[in-house]
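Enquirer: Build me a model:
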Amino acid sequence: MVSPPADPAQDAWALMHGFVDAHSRRGDLADALGFRLGAGRGKVLFQLRHGPMTLSQLAEVIAADAPYTTLIVDKLEAHGLVERLPHPEDRRRKLVTLTTAGQEAIATADAILLRPPPAFGALPAEDLEQLTRLLTRLVNADQADTDQADADQVDADRPEAPGGR
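Expert: Residues are numbered from 1 along each chain as shown. Here you go, the predicted structure:
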């Protein structure tokens, strides 16, 4: 029996995924914070590091609906990581902002999540620089794909000119 031809992209992805998964820091993070930081809570918390946002802004950036985003903010608020403040320009809306504890939680999460696994120490500086260049190219290509998909969606949502094309 002949094995299927190798797919270099799939092989690279499988290796990268396996390596990252083997070095998951979710347990360390839960121990340090005293609770699990689920994907939604993490997304909201890390978005707020850039400044206060309304619930609708948060829902948009994490690609969730308003009720789910409200639930996430409620949980973060119960842990003392965020608070709702009156919007300075619209009394009907609230701004969600980090508390001091929220800022400390982000700093703790960064220290845990951004600490490279020991295997990185086995690589020479040139290899780490090459890896960084390759990953930067992947991130940039992914962003270009996302930007193109967004532009295509805008074009698809735009009404046709009268009389067709």
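
Enquirer: Isn't Glu83 up against Lys94?
Expert: No: contact criterion C-beta atoms under 8 Å: Glu83 and Lys94 do not qualify, at 9.3 Å. C-betas here are computed from N, CA, C, even on glycine.

Enquirer: domains for this structure, by residue range?
Expert: 26-115, 119-156 (automatic domain parsing).

Enquirer: buried residues in stretch 49-59?
Expert: Going by neighbour count (16 or more other C-beta atoms under 10 Å), the buried part of stretch 49-59 is 52-55, 58-59.

Enquirer: Which residues belonging to stretch 33-53 are considered buried?
Expert: Those would be 33, 37, 40-45, 48, 52-53, for stretch 33-53 by 16+ other C-beta under 10 Å.

Enquirer: Which neighbouring elements make contact with the helix or strand hosting Gln130?
Expert: Assigned by DSSP states H and E, Gln130 falls within helix 125-157. Using 3 or more C-beta pairs under 8 Å, 6 or more residues apart in numbering; DSSP states H and E as the contact criterion, helix 125-157 has no neighbours among helices and strands.

Enquirer: how far out from the middle of the chain is it?
Expert: Distance of helix 125-157 from its chain centroid, counting by C-alpha atoms, centre = their mean, to the nearest Å, is 15 Å.

Enquirer: buried sites along that helix?
Expert: For helix 125-157, the neighbour count (16+ other C-beta under 10 Å) marks no residue as buried.

Enquirer: OK, contacts around the residue sitting nearest the centre point of the chain?
Expert: With distances taken as C-alpha atoms, centre = their mean, the residue of the chain nearest its centroid is Lys43 (5.4 Å). Going by C-beta atoms under 8 Å, 6 or more residues apart in numbering, Lys43 touches 61-62.
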